[in-house]
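Peer 1: below are the sequence and a predicted model for it; my questions follow.
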Amino acid sequence: MFKKNMKRLFLLSLAITSFGAFTGVPAYAGYSLNTEVKDATPALKEAAAIGVRTYTNEAMKNAENKDAILVLSFGTTYKDSRAANIDRTVAAIQAAHPDTKVVLAFTSHIIVDRIKSHEGLAIPTPEQALEQLKEDGYTRIAITSLDVIPGMEYAYDTAVYNLYKENFKKMTIGTPILYWMGQEGQRDDLQEFVGAFSTQFPKLKDDEALLLMAHGTPHPGNAYYSVVQDRLNDAALGNVFIYSVEGWPHLDTVIPKLKAKGVKHVVLMPMMMVAGDHANNDMAGAESDSHKSVLEKEGFTVSTYIHGLGENEAVRKMFVERANEAWQALEKD
């Protein structure tokens with residue numbers, strides 16, 4: 001049903017700089033419907049909607065262009081980490097687009113409510129942000145995500161896109177920093193991420209290990225962690241393992257591997273946009289069930305690195321690049 005529509009080098013170029021007009025299939029998909037399909041149904045077109053997605057509303061084609069970038073993040077109640085990671089990344093996106101309005105929205109409604117209650121700061125949900133942009137006369141919106149993988153949170157992002165796209169002249173939505181994985185000529189975001197993320201890794205001795213704490217999700221996108229682990233193994237960075245708080249693999253999945261390799265000392269590091277509640281409490285907390293405490297009970301010495309991905313300049317650049325892709329799709333006629 002689907003076929004590759006470009007050779008490898010052109011795909012890589014397309015994935016960075018050029019966009020096609022909206023035809024029902026997103027410009028960055030890297031795939032097109034087989035030419036033998038003459039009467040593609042809406043469902044078939046939706047199935048082909050991968051990569052950067054673009055929607056053009058023909059009913060508003062004569063409306064004046066008034067553009068904005070909407071940045072979607074899960075959010076955090078940890079004010080310092082929010083400033084160091086989310087705000088800093090949004091500032092980098094704004095710096096790349098100095099003449100464009102950039103709006104931040106949090107997908108966690110619970111976090112939005114807590115920040116409003118405790119700080120008096122009103123951060124909108126994605127729906128509230130889009131409704132306000134519409135009210136303010138913005139007609140073209142590029143949505144970009146600060147998600148790491150295309151899991152449940154990114155599914156929320158794309159659901160918002162689908163529900164609101166007809167309210168605007170044009171809307172695009174980019175991908176998380178981990179999306180393409182080198183399959184059939186696509187670029188390998190995961191390999192790029194390992195190179196960027198590893199700039200903050202400590203040099204490990206044979207009896208040391210680095211455990212990267214991911215969030216985890218019940219969404220099938222959880223499988224991305226296994227591919228990241230594969231790229232980590234290929235990079236030969238030493239004993240580096242991913243585990244997750246709410247998905248798979250779990251901490252108890254990794255502990256036997258540490259013992260089998262004779263590891264004595266473990267460094268814990270979050271693989272999350274922010275170092276919030278999970279990093280400070282689940283990972284590094286003093287409670288008996290924290291990851292640090294569990295590992296110490298198992299006989300390991302443990303140190304922690306409590307910084308989010310937004311503090312890593314190389315990773316932050318990947319988030320800016322994803323925003324740029326969504327923006328370039330918006331600008332393409």
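Peer 2: Everything's here; your move.
Peer 1: quick one: distance of stretch 251-261 to the chain centre.
Peer 2: 28 Å (CA atoms, centre = their mean, to the nearest Å).
Peer 1: where does the chain have low pLDDT?
Peer 2: Applying pLDDT under 70 to the chain flags the ranges 1-32.
Peer 1: burial measure for residue 232, as a count.
Peer 2: Counted with other CB atoms under 10 Å, the neighbours of residue 232 add up to 23. Backbone N, C-alpha and C define where each C-beta goes, glycine included.
Peer 1: just checking, what packs against whatever helix or strand it lives in?
Peer 2: Using DSSP states H and E, residue 232 falls within helix 224-235. Applying 3 or more CB pairs under 8 Å, 6 or more residues apart in numbering; DSSP states H and E, one finds that helix 224-235 makes contact with helix 189-197, strand 240-244.
Peer 1: between the ones you listed, which one is nearest to residue 289?
Peer 2: Proximity to residue 289 (CB to CB) singles out strand 240-244 among these, at 14.6 Å.
Peer 1: for that closest one, list the C-alpha coordinates in PDB.
Peer 2: What follows is strand 240-244, C-alpha atoms only, in PDB (Å, rounded to 0.1, in the frame of the first residue of the first chain):
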ATOM      1  CA  VAL A 240      24.700   2.300  30.100                       C
ATOM      2  CA  PHE A 241      21.100   1.100  30.600                       C
ATOM      3  CA  ILE A 242      17.700   2.600  30.200                       C
ATOM      4  CA  TYR A 243      14.900   1.900  32.700                       C
ATOM      5  CA  SER A 244      11.600   3.600  33.200                       C
END
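Peer 1: can you list contacts of the helix holding residue 232?
Peer 2: Applying CB atoms under 8 Å, 6 or more residues apart in numbering, the set of residues contacting helix 224-235 from outside is 149-151, 178, 181, 188, 190-191, 193-195, 198, 214, 216, 240-242, 244, 247-249.
Peer 1: just the buried ones from those residues?
Peer 2: The neighbour-count criterion (16 or more other CB atoms under 10 Å) marks 149-151, 178, 181, 188, 190-191, 193-194, 198, 214, 216, 240-242, 244, 247-249 among those as buried.
Peer 1: which residues touch stretch 278-293?
Peer 2: The contact list for stretch 278-293 (CB under 8 Å, 6+ apart) reads 78, 81, 211, 213, 215, 245, 251, 268, 270, 272, 302, 304, 306, 308.
Peer 1: repeat the analysis, applying 7 Å as the threshold.
Peer 2: 213, 215, 245, 251, 268, 270, 272, 302, 304, 306 (CB atoms under 7 Å, 6 or more residues apart in numbering).
Peer 1: kindly indicate which of those residues lies nearest residue 45.
Peer 2: residue 215 (31.4 Å).
Peer 1: ok, back up a step: report the distance from the helix holding residue 232 to the chain centre.
Peer 2: 17 Å.
Peer 1: any chance of the helices and strands packed on helix 224-235 in a markdown table, with distance to residue 232 too?
Peer 2: A markdown table is the format used below for the helices and strands packed on helix 224-235 (distance: least, CB to CB, whole Å):
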| stretch | distance to residue 232 |
| --- | --- |
| helix 189-197 | 6 |
| strand 240-244 | 5 |
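Peer 1: top of the contacts of stretch 278-293 by neighbour count?
Peer 2: residue 270 (27 neighbours).
Peer 1: how far away is the closest residue to that residue other than its chain neighbours from residue 308?
Peer 2: Closest residue to residue 270 apart from its sequence neighbours, by CB to CB, 6 or more residues apart in numbering: residue 279 at 4.2 Å. Residue 279 sits 7 Å away from residue 308, going by CB to CB, to the nearest Å.
Peer 1: which residues are common contacts for those two?
Peer 2: Here residue 279 and residue 308 have 270, 272 as joint contacts, going by CB under 7 Å, 6+ apart.
Peer 1: hmm, back to that, now do the helix holding residue 232 against helix 189-197, angle only.
Peer 2: With axes from the mean of the first three to the mean of the last three CA atoms, to 10 degrees defining the directions, helix 224-235 sits at 60 degrees from helix 189-197.
Peer 1: now do the helices in the stretch 1-150 of the chain.
Peer 2: All helices of the stretch 1-150 of the chain, identified by DSSP state H, counting those that start in this stretch, fall at 8-14, 42-47, 79-81, 88-96, 109-119, 126-135.
Peer 1: so can I have CSV of these showing distance to residue 287 and mean neighbour count?
Peer 2: What follows is the helices of the stretch 1-150 of the chain, written out as CSV (distance: least, CB to CB, whole Å; neighbours: other CB atoms under 10 Å):
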stretch, distance to residue 287, mean neighbour count
helix 8-14, 46, 15
helix 42-47, 45, 12
helix 79-81, 19, 16
helix 88-96, 29, 18
helix 109-119, 21, 14
helix 126-135, 33, 18
